[in-house]
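> Structure, please.
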Amino acid sequence: MKYRKTIGILVVLIALGMTIGSTVAGTFINGENNNVPFINPKSTQITIDVPELVKDKNPFYIIGKLTDEEGDAVANATLIVCINDKIPRIVTTDDFGQYTVYFAPRENGIVNVTVTFSSAIGYKGSSNSTSFLVDIPVDDLGIVKC
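As a prediction, the model looks like this:
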């Protein structure tokens, strides 16, 4: 039984390692060195590009990029973007590791943005946060004064 499990893991991990071309190294299973390869995932980094200050109600895009530890783009990765801890938005990076999120300012105050990458085969997860200020004149927001 132990032999079958080890062979099954070996076949799956070798197939994954060959598919994505990641580094392969030996590992221990049940305290024994079985020389079963595993994928050595790369660290990732997320950038977030937002203005420091928004002074009008015109919509714009929050943009950024997901890269690995070598600075290479991570394409077709799923990211979760949370703006002010409201409903998360799911976005996918393009071929260059870039993502965009539409944002339309509706009220004044500090806007917090968090972008999270859980992980994927060959990559470790990461997260990054930033904030910016929305300071639109009250008349431009369309708020009715009493």
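> so where is the chain shaky, pLDDT-wise?
1-38, 140-146 (pLDDT under 70).
> those strands in it, which residues are they?
24-25, 28-29, 32-33, 38-39, 44-49, 53-54, 60-68, 78-83, 89-92, 98-103, 109-117, 126-134 (DSSP state E).
> In CSV: the ones you listed, plus mean neighbour count.
The C-beta positions use only the backbone N, C-alpha and C, and glycine is treated the same way. CSV is the format used below for the strands of the chain (neighbours: other Cβ atoms under 10 Å):
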stretch, mean neighbour count
strand 24-25, 14
strand 28-29, 12
strand 32-33, 10
strand 38-39, 17
strand 44-49, 17
strand 53-54, 14
strand 60-68, 18
strand 78-83, 17
strand 89-92, 13
strand 98-103, 17
strand 109-117, 17
strand 126-134, 16
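> My guess is I39 contacts Y123. True?
No - I39 lies out of contact with Y123 (Cβ atoms under 8 Å); the separation is 9.6 Å.
> Break the chain into its domains for me.
If you go by automatic domain parsing, the domain ranges for the chain are 2-39, 44-141.
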